[in-house]
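**Q** sharing a model that was predicted from the sequence below.
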Amino acid sequence: MSAQGTLTMLRQVAALDNSIAKQGLPVDFEATVIFSRGFENLLFVQEGSDAIFVRPPSRDNYAPGDLIRIHGKTQNSFRPIALSDKITVTGHGELPKPVEASFWDLVKADLDCHRVTARGRVRSADMGNPHDGRVDTARLQLVTEGGHFEVDVNSGDRAALQGLLDAEVEVSGAAAGKFDDKMQQTGAVIYVARLDDIRVLKRDGKAIRDLPIMPMDRILEGHRVTDTSVRVKVHGTITYYQPAVAVVLQDGNKSLWIETHTRDNLTIGNQADATGYPDEHDRILTLADGEIRDLQIPGVVKPLEATWEQLAFWSTNTPVGHENDLVSIQGRLVTKVREPSQDEYVLDAGGRLFSAILRHAGRDVAPMAQLPVGAMVRVTGICTIPDLTAINPGGYVPFEILLRTQEDLLMIENPPLLSVRNLIILAGILLLIAVVAMIWGWRQERKVHHQADAMAQLEQRRSAILESINHARPLAEVLEHITELVSSSLNGAPCWIEVADGATLGRKPAAGAGPAITQELTSQSGVKLGKIHVATKLAAGLRALETGARVAVLAIETNRLYADLTYRSEFDALTDAHNRFSLDRALDKQVSRARTNATIFGLIYIDLDEFKQVNDEYGHHVGDLYLQEIAARLKRQLRPGDMLARLGGDEFAILVPDAHNRRVVEEIARRLESCFAAPAELEGNTLTGSASVGIAVYPEDGASSDELLKTADAAMYVKKKTRTSAKA
């Protein structure tokens, strides 16, 4: 120790008693890192034969063997630790030689925080919790002579870890304990820095995946246990007793759950000796197969008056827990439920819920305690954790209070007048009055509301029909909706529409069913589009029919306009062949289909020779007639499924989708060239023409529509140039 009282050597900290360490003595010493895990604030250091745990100031990681200087203060824990406010890396050296440790060495904590080596057989290997989106830790359960211990390793190699199952291994790392919320050791763990620090001594001869399937009702055949645990004896005051299930003994601030099969008459409040075998389940210490001897001597255990936060908080760093302690807590009764084996009282302590449980057996069970909902109740009993998997060190854990008798429930305050129950009753009365008033008013306004609703529904349906027209829904569907609209406005009277040169849609009554009124459907240009009928003679029928007629005319004219626009967008107005836009879309689809099905297809490019001379000599009118004649001849040479398109001017293209080979495309091209053999007689003029033809085959001549068009165009250009040269 320095002149200022600072501890400058690790062994000085290790030699302290917890009563001294909790004074927060200043420390400033050097040591070697044997294990570090930054995101969990774990740091074990050793110097010579002394080792301690350090709580680092940040989540930095340190490598095993790093030499560090630790500045901070002491703190009490299971053993004295250092609470650091600054750590400086001063170098790197060799790790301390590990000490061989048995199971007994680990659970006695003689080597706590030291670098040890231990052997065992791997029973399980599971990945740890994710950190920053990745899992880089794992936990192994090892069994060795004497019991089980845990290995916590810095590794996310799932395959390598799974390969350790059932293997005999030797692990080297920092020894530590597992603790409950009273800082009582409940097990042992070795923190391993690297997967390389786990050395396989012997592998099991059979891989897990090769194990035979065993029937579920026979798995006990694989059970093997050699339990050499020794019976221990404890002393305390009986604070809880459930015959053939459990006894709780408490001695000062220590308490213990003892599993027992005894049905002897044991008196709560008496001192007792208990013997049994130590056991641990999920950080909870118990005594199994307990034998209890009531000493018939009264003991003194005063219930600890606690808050919800005190009972729910779980920490393995400070001994502040109250598991199995006799406690007392206040809360307002929310509800109570009787079940076959227990009574449950749910209470609210400052907005936090907990349950008080009174176990019972047999048929002669006393009625539940007469406690009104909303009353402030003090409950006294044993604090327990019903779900051990919910334990979250450093956080709150759900708890229950185990009652001994109904006397453990004491009402200390009646429910307030403005309780939830009374407010519900008052609200119910006011609601009844309001309902009566509403019924009277509803009867007076029922017709008005009904009419308004009907009009709103009709308007919604009319808007929906207009929306359908705007989105080019099928005409038959729209007209059906129009007849339904008219019918609904006339209390279901049949309505139907006869489309000119088309179908009859709607609900037509049987012949001779009665009179009907009819209105013609006439377009703005005077064209007769059809008729609309409704089977009624009411004056309202004529108004509804006029509305239906206007909407029906709009639907029919819009449908025809849409069909005409669709045709104009895809076909050439002069030749009635597909246009360039339609060809491009069909060609892209054909490329995709051929790529998917591994098929071929062809593209033929045609350019009329000397067409400009036709326009110059005979005029554009004759030129247009000539293009129409050529298009008609080309169509007659095509097969079903082939597509003729005018690209513009005197250029045409033919898509040949069903081509098994190039010869098929070439044959069709020859037939197309033959179209020009006979002269064209047009308004007294005889025109003799020819064309240059080029072909392209997918995928030989191109893998995309652009490549195929370029290839076919180039082939056509070659023929045109050849023909021009021959004439010259």
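**A** Everything's here; your move.
**Q** every contact and neighbour count from this point should use C-alpha atoms.
**A** OK.
**Q** what's around Arg662, how many residues?
**A** Other residues within reach of Arg662, judged by other CA atoms under 10 Å, total 16.
**Q** so who does it touch?
**A** Residues near Arg662 by CA atoms under 8 Å, 6 or more residues apart in numbering: Gly602, Val697.
**Q** going forward, begin numbering at 274 instead of 1
**A** Happy to do that; since the first residue is 274 now, the last one works out to Arg935.
**Q** check the gap between it and Phe874 for me.
**A** Going from Arg935 to Phe874 by CA to CA, to the nearest Å gives 8 Å.
**Q** and for those two, which residues touch both?
**A** Counting by CA under 8 Å, 6+ apart, the shared contacts of Arg935 and Phe874 are Val970.
**Q** where exactly do the strands run in the stretch 874-1001 of the chain?
**A** Using DSSP state E, counting those that start in this stretch, the strands assigned to the stretch 874-1001 of the chain run over residues 874-881, 916-921, 924-929, 953-955, 958-960, 964-971.
**Q** nearest to Asn291, out of the ones you listed?
**A** Closest of those to Asn291 is strand 964-971, at 86.4 Å (criterion: CA to CA).
**Q** ok, residues contacting the longest strand along the chain?
**A** The longest strand of the chain (DSSP state E) is strand 557-571. Defining contact as CA under 8 Å, 6+ apart, one finds that strand 557-571 is touched by 453, 459, 510, 529-535, 539-540, 542-553.
**Q** please name every helix or strand in contact with the following helix or strand past that strand.
**A** The C-terminal neighbour of strand 557-571 among helices and strands, as given by DSSP states H and E, is strand 577-578. Of the remaining helices and strands, those touching strand 577-578 by 3 or more CA pairs under 8 Å, 6 or more residues apart in numbering; DSSP states H and E are strand 599-611.
**Q** mind listing what the strand it packs on pairs with, with the direction of each?
**A** Counting by DSSP bridges, the strands paired with strand 599-611 are strand 577-578 (parallel), strand 615-622 (antiparallel), strand 649-657 (antiparallel).
**Q** paired strands for the next helix or strand after the longest one, with orientation please.
**A** Meaning strand 649-657. Next helix or strand after strand 649-657 toward the C-terminus (DSSP H and E): strand 668-669. Paired neighbours of strand 668-669 in the sheet (DSSP bridges): strand 586-587 (antiparallel).
**Q** distance from the partner strand to the middle of the chain?
**A** Between the centre of strand 586-587 and the centre of its chain there are 30 Å (CA atoms, centre = their mean, to the nearest Å).
**Q** show the average pLDDT along that strand.
**A** The average pLDDT within strand 586-587 is 82.
**Q** how near is the closest residue to His404 other than its chain neighbours to Ser331?
**A** Sequence neighbours aside, Phe312 is the residue nearest to His404 in space, at 7.8 Å (criterion: CA to CA, 6 or more residues apart in numbering). When CA to CA is applied, the distance between Phe312 and Ser331 equals 9 Å.
**Q** returning to what we had before: which one of the strands of the stretch 874-1001 of the chain lies nearest to Val505?
**A** Per CA to CA, nearest to Val505 of the strands of the stretch 874-1001 of the chain: strand 964-971, 88.4 Å.
**Q** quick one: mean pLDDT for that closest one?
**A** The average pLDDT within strand 964-971 is 93.
**Q** can you check stretch 917-928 too?
**A** Mean predicted confidence for stretch 917-928 is 92.
**Q** do the same with stretch 894-911
**A** Across stretch 894-911, the average pLDDT comes to 91.
**Q** any buried residues in that stretch, and which?
**A** Residues of stretch 894-911 classed as buried: 895-904, 907-908, 910-911 (neighbour count, 16 or more other CA atoms under 10 Å).
**Q** about what we covered before: got a ChimeraX select line for the buried ones in the contacts of strand 557-571?
**A** To isolate the buried subset of the contacts of strand 557-571 in ChimeraX, counting by 16+ other CA under 10 Å, use the following:
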select :453,459,510,529,530,531,532,533,534,535,539,540,542,543,544,545,546,547,548,549,550,551,552
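**Q** can you tell me which of the contacts of strand 557-571 are in strands?
**A** When DSSP E defines the strands, the subset of the contacts of strand 557-571 inside them is 459, 510, 529-533, 543-553.
**Q** re the thing from before, how about the strands of the stretch 874-1001 of the chain in a markdown table, adding mean neighbour count?
**A** Compiled in a markdown table, those are given as follows (neighbours: other CA atoms under 10 Å):
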| stretch | mean neighbour count |
| --- | --- |
| strand 874-881 | 25 |
| strand 916-921 | 21 |
| strand 924-929 | 23 |
| strand 953-955 | 14 |
| strand 958-960 | 12 |
| strand 964-971 | 24 |
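**Q** among the ones you listed, which is nearest Ser357?
**A** Nearest of those to Ser357, taken as CA to CA: strand 964-971 at 74.6 Å.
**Q** list of residues touching the closest one?
**A** When contacts are defined by CA under 8 Å, 6+ apart, strand 964-971 is touched by residues 864, 873-882, 935, 938-939, 942, 946, 949, 975, 981-982, 984-990, 992-993.
**Q** switch to 7 Å and redo it
**A** 873-882, 935, 942, 946, 981, 984-986, 988-989, 992-993 (CA atoms under 7 Å, 6 or more residues apart in numbering).
**Q** tell me the strands beside it, with direction?
**A** Counting by DSSP bridges, the strands paired with strand 964-971 are strand 874-881 (antiparallel).
**Q** and the partner strand, average pLDDT?
**A** 94.
**Q** before we move on, the earlier item: dump the strands of the stretch 874-1001 of the chain into CSV; add distance to Tyr835 as well.
**A** Formatted as CSV, those follow (distance: least, CA to CA, whole Å):
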stretch, distance to Tyr835
strand 874-881, 31
strand 916-921, 22
strand 924-929, 27
strand 953-955, 35
strand 958-960, 39
strand 964-971, 35
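**Q** wait, which of those strands is closest to Gly668?
**A** strand 964-971 (68.8 Å).
**Q** that older thread, the residue nearest to His404 belongs to a helix?
**A** Yes - under DSSP: H, G, I helix; E, B strand; the rest coil, Phe312 sits within a helix.
**Q** hmm, which helix or strand of this structure has the shakiest average pLDDT?
**A** helix 693-743 (a mean of 73; mean pLDDT, DSSP states H and E).
**Q** which residues are in contact with whatever helix or strand comes next after that one?
**A** Next in sequence after helix 693-743, counting helices and strands by DSSP H and E, comes helix 748-762. If you take CA under 7 Å, 6+ apart as the criterion, helix 748-762 is touched by 731, 734, 738, 741, 766-769, 778-779, 817-818, 821, 825, 828-829, 832.
**Q** just the ones of those residues in strands?
**A** Cys768, Trp769, Leu778, Gly779.
**Q** top of these by neighbour count?
**A** Using other CA under 10 Å as the neighbour test, those are led by Cys768, with 29 neighbours.
**Q** and that one, what are its bridge partners?
**A** On the basis of DSSP bridges, Cys768 takes part in beta bridges with Val807.
**Q** wait, it sits on Gly779?
**A** Yes - Cys768 lies in contact with Gly779 (CA atoms under 7 Å); the separation is 6.1 Å.
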